[in-house]
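Enquirer: Sequence plus the predicted model coming up.
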Amino acid sequence: MSLEQLKKDVCAAVDAMRADILGLSHAIHAEPELALEEFKAAERLTGAVESHGIKVQREAFGLKTGYAAEFGKAGGANIAILSEYDALPGIGHACGHNIIATAGYGAAMALAKLNGRLPGRVRYLGTPAEERYGGKEIMAREGAFDGVDAAMMIHPSNENLVTMPCIAIAEVEAIYHGRSAHASAMPYRGLNALDAVVTAYQAIAQLRQHIRNTDRIHGIITEGGLAPNIVPERAACRFYVRAADANELAPLKARVQKCFEAGALATGCKLEAHWGDTDYLDLKTNWPMAEMYESNAVVLGREFLSVKDLPPGYAGSTDMGNVSHRVPSIHPMLGIAAGGVVIHNPEFTRFAASPAGDQAAIDGAKSMAMTALDLMFDAKKLAATKADFAATAELSRLAIEKSREPMHAHGHGCCA
């Protein structure tokens, strides 16, 4: 059986499942769930996999909404195909994770339809909590990618791109504890926790003038007090700190921490700074595999914008970056929206359940399935993929270690 025939067969299998794939996509889109709360989406997806006669491990690799299934030929290349399905607060699937979920599902199930002709193995993973908490990192620590030769997923966007420009990110929540008092009668008895947050916020705003062009710091005030006539005894903010890679992220985190401490020192409030358990790493795109993916997607009619033509500073972050520093990985983007509509915008939510979004789920499933076949069928392509990864493997190992270094930042300031 030739590779080209296998590709034709796997694409035909995706077409045969079109109603199934799109039905799942729209159902997940209609009931958005936040990170680590994706119980309905996970149940829909695992039930669908089981309907194909494939055994599914629920609550897989340390996450209640994670799952895993594996099938195929022992001894062949083992390719991981990933699905995400968490949504954003307030704006639902404005990142199109319903498309990511069902493209991954479609690719994996189409490969399963090859039965004994599948020249390798597939590890199909449901990976929750991409928008927060770093679900893939949690699963990776539990062994989700052990024994995997390569990993892939797709992401909707407003352009077709062979990769997503991604930088490293850390999350931090700062909570200030002050002392309440009547804001008019006895303001001198209070310690204003909101003032501490505002001071820290302003310090960070000033810091942003003196950071690299590749750095990003942005956040929100999540608690600001109960009433105008009560000195706020508790206030909080949450920030994302981003840099090009783990090496540049670490010192920037330390500078942001000093801004939080400044708020406590200026107001006499007590600070709790809770940094995330792990940082999201930059995306290490495996270019031989990306080129395979692009060739397969072009056959389907997709035309790709060169990453070099993107606006300066165009970058996001994803926990797929953490996967990419463990195994050869790709994270291509599929255009579903008009150029002016960007992800994490309410208008993008509409496109995620549009005909263009539906086509991305189908094209993504076919492109990933064909790319998996390239790696399984052609030993030279797999070797090139592994060699590309190995060239910077030591840097990746160090990046993973650095991403897990704790900040040890708690209890600054005082409430006396």
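Expert: Okay, I see it.

Enquirer: where do the strands sit along the stretch 151-300 of the chain?
Expert: 155-157, 168-177, 216-223, 234-243, 270-275 (DSSP state E, counting those that start in this stretch).

Enquirer: and among the ones you listed, the most buried is which?
Expert: strand 155-157 (a mean of 25; mean count of other C-beta atoms under 10 Å). Where you see a C-beta, it was placed from the backbone N, CA and C, and this is true even at glycine.

Enquirer: Name the residues that touch that one?
Expert: 95-96, 99-100, 164, 318, 331-337, 343, 351-352, 357, 360 (C-beta atoms under 8 Å, 6 or more residues apart in numbering).

Enquirer: in its sheet, what does that strand sit against?
Expert: Paired neighbours of strand 155-157 in the sheet (DSSP bridges): strand 333-335 (parallel).

Enquirer: Skip ahead from the strand it pairs with and say which helix or strand is next.
Expert: Following strand 333-335 in sequence order, the next helix or strand is helix 346-351 (DSSP states H and E).

Enquirer: Leaving out sequence neighbours, find the closest residue to G66.
Expert: A60 (4.5 Å; C-beta to C-beta, 6 or more residues apart in numbering).

Enquirer: Look at the one you found and report its pLDDT.
Expert: Reported pLDDT at A60 in the predicted model: 97.

Enquirer: Would you map the strands across the stretch 1-150 of the chain?
Expert: Ranges of strands within the stretch 1-150 of the chain are 57-58, 67-72, 78-83, 121-126, 150-152, based on DSSP E, counting those that start in this stretch.

Enquirer: which residues touch A69?
Expert: 49, 54-57, 108, 123-124.

Enquirer: make it 6 Å
Expert: 49, 54, 56, 124 (C-beta atoms under 6 Å, 6 or more residues apart in numbering).

Enquirer: what's the distance between it and Q202?
Expert: Going from A69 to Q202 by C-beta to C-beta, to the nearest Å gives 50 Å.

Enquirer: just H93 next, same as before
Expert: For H93 relative to Q202 (C-beta to C-beta), the value is 35 Å.

Enquirer: So those two - more neighbours on which side?
Expert: H93 (29 against 13; other C-beta atoms under 10 Å).

Enquirer: I'd say C95 and I343 touch.
Expert: Yes. Between C95 and I343 there is a contact at 5.1 Å, judged by C-beta atoms under 6 Å.

Enquirer: Run through the protein and note the low-pLDDT ranges.
Expert: Filtered on pLDDT under 70, the chain yields the residue ranges 408-416.

Enquirer: any idea how it splits into domains?
Expert: Using automatic domain parsing, the domain ranges for the chain come out as 3-166+282-377, 170-279+402-413.

Enquirer: Which of these has the highest mean neighbour count?
Expert: Of these, the one with the most neighbours on average (mean count of other C-beta under 10 Å) is domain 3-166+282-377, at a mean of 21.

Enquirer: what's the span of that one, first residue to last?
Expert: 7 Å (C-alpha to C-alpha, to the nearest Å).

Enquirer: now stretch 136-150
Expert: In stretch 136-150, first residue to last residue: 14 Å (C-alpha to C-alpha).

Enquirer: and it, how far from the chain's centre?
Expert: 15 Å (C-alpha atoms, centre = their mean, to the nearest Å).

Enquirer: Also stretch 334-341?
Expert: The answer for stretch 334-341 is 19 Å, by C-alpha atoms, centre = their mean.

Enquirer: same deal with stretch 273-283?
Expert: On C-alpha atoms, centre = their mean, the centre of stretch 273-283 falls 12 Å from the chain's centre.

Enquirer: Check stretch 246-255 too.
Expert: 20 Å.

Enquirer: okay, that stretch in PDB with CA atoms only?
Expert: The C-alpha trace of stretch 246-255 is given here as PDB (Å, rounded to 0.1, in the frame of the first residue of the first chain):
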ATOM      1  CA  ALA A 246      12.800  31.000  29.600                       C
ATOM      2  CA  ASN A 247      16.200  32.700  30.000                       C
ATOM      3  CA  GLU A 248      14.700  36.200  29.400                       C
ATOM      4  CA  LEU A 249      11.500  35.500  31.400                       C
ATOM      5  CA  ALA A 250      13.300  34.700  34.700                       C
ATOM      6  CA  PRO A 251      14.800  38.200  35.300                       C
ATOM      7  CA  LEU A 252      11.700  39.900  34.100                       C
ATOM      8  CA  LYS A 253       9.700  38.000  36.600                       C
ATOM      9  CA  ALA A 254      12.100  39.200  39.300                       C
ATOM     10  CA  ARG A 255      11.600  42.900  38.200                       C
END
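
Enquirer: For S329, which residues are in contact?
Expert: Contact analysis of S329 by C-beta under 6 Å, 6+ apart lists 151, 286, 323.

Enquirer: how close does L398 sit to E405?
Expert: Separation of L398 from E405 (C-beta to C-beta): 11 Å.

Enquirer: Helices of the stretch 101-250 of the chain, start to end?
Expert: In the stretch 101-250 of the chain, the segments counted as helices under DSSP state H, counting those that start in this stretch are 135-141, 193-207, 246-267.

Enquirer: Need the nearest residue in space to R326, chain neighbours excluded.
Expert: F145 (5.3 Å).

Enquirer: Tell me the spacing between the one you found and S329.
Expert: 9 Å.

Enquirer: try N322
Expert: 10 Å.

Enquirer: I220 now?
Expert: Plainly put, I220 is 31 Å away from S329 if you go by C-beta to C-beta.

Enquirer: Spatially nearest residue to A77, not counting backbone neighbours?
Expert: G120 is the one closest to A77 (C-beta to C-beta, 6+ apart), at 4.2 Å.
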